[in-house]
Structures are given as C-alpha cells and as structure tokens.
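In: sequence below, structure please.
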Amino acid sequence: MTEDGDAMRTTLRLLTLALIVALPACAVDCSGDERPPPVSPAGDVVGGPCSAPEHCVERLCLTSGNFPGGTCSVACESDLDCPSGTWCIDTDSGVCLLACTHPSQCRAGYDCSDENRRNAAGTAFVCIQ
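Out: Numbering: from 1, shown residues only. Next up is the predicted model:
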C-alpha cells in the first residue's frame, strides 16, 4: 500500500475513534436542554417508594394523593437544589421529581405529566399521578 493509502487509513481510524468517543456524550444532553435526561429512580433519594420519612435519604416522603405508594423527594426552591435527572416542581412547597419523556419511565401508578416548575419559567415533564 502507498504512503497516501496508509495516511488515509490512519485518518479514518482516528475519525472513527473520535466518533465512538463523542457519541456517548449525546446520551448526557444533546437536546440543548439545561438538565440531563431522565434517570431511573434512585429509590431513597428521589422517585422511590416510601411510607415514612426514614425511608428516604433527605427524609422527605411525599404521600399525598399525587404520590401513590409514597415518593422520596428533596425540598427545593429551584432546579439547582435537585439531583441530576430531576426537576424542581411547584407542588408541596417545591419538591424534586423525576424527569421523564414517556410514562414508561415512571413507576407503576405514575404518569409522565407536564407540571409547573418552581421559581422558573415554563413547565417540565415529571413522574407524578
């Protein structure tokens, strides 16, 4: 093979490697949104079932009608107070709820609903009944 062919093959390998490295970064946030995509319920931090505050890391167990089976959460005044993959929603005096784009991302009994954000413009889709 010629030197030009070897150089082209090396260049293609490097471009392929760069794409392989760059593509997983889109899984973090290629939508231009300011928050990462939904995450699975962390259980005892946000989104997991609870029946008492001691079941949750932040000792906040939401048990009102919107949270069948209870939901661990974090109190918040803005999205900055919430863990990655959650939004600060203007309900129950401000709570972090799991972000979602489809009901299948929420646990049984919950829907992916568009709710008002707390101290921010607009709404966000979160897991709530």
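In: what's downstream of the worst-scoring helix or strand of the chain on mean pLDDT, the next helix or strand?
Out: For the chain, the helix or strand with the lowest mean confidence is helix 3-29, at a mean of 48 (criterion: mean pLDDT, DSSP states H and E). Toward the C-terminal end, the helix or strand that comes next after helix 3-29 (DSSP states H and E) is strand 61-62.
In: got the contact list for that following strand?
Out: The list of residues contacting strand 61-62 from outside it, by CB atoms under 8 Å, 6 or more residues apart in numbering, reads Cys50, Ser51, Ala52, Pro53, His55, Gly70, Thr71, Cys72, Ser73, Asp92, Val95. Quick note: C-beta positions are derived from backbone N, CA and C, even for glycine.
In: ok, now with 6 Å
Out: For strand 61-62, contacts defined as CB atoms under 6 Å, 6 or more residues apart in numbering pick out Cys50, Ala52, Pro53, His55, Gly70, Thr71, Ser73.
In: are any of these buried, and which?
Out: Of the members of those, the ones counted as buried by neighbours, 16 or more other CB atoms under 10 Å, are Cys50, Gly70, Thr71, Ser73.
In: got a markdown table for those, with secondary structure, distance to Glu115 and pLDDT too?
Out: Listed next are the buried ones among the contacts of strand 61-62 as a markdown table, based on DSSP: H, G, I helix; E, B strand; the rest coil; distance: CB to CB, whole Å; pLDDT from 0 to 100:
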| residue | secondary structure | distance to Glu115 | pLDDT |
| --- | --- | --- | --- |
| Cys50 | coil | 20 | 94 |
| Gly70 | coil | 18 | 95 |
| Thr71 | strand | 13 | 95 |
| Ser73 | coil | 13 | 95 |
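In: from Thr86, how far out is Arg118?
Out: Applying CB to CB, to the nearest Å, one obtains 12 Å for the distance of Arg118 from Thr86.
In: any low-confidence regions in the chain?
Out: 1-43 (pLDDT under 70).
In: can you list the domains in it?
Out: What the record gives for the chain is the domain set 1-30, 53-128, from automatic domain parsing.
In: okay, these, which one's buried deepest?
Out: Mean neighbours per residue, mean count of other CB atoms under 10 Å, is largest over those for domain 53-128, with a mean of 17.
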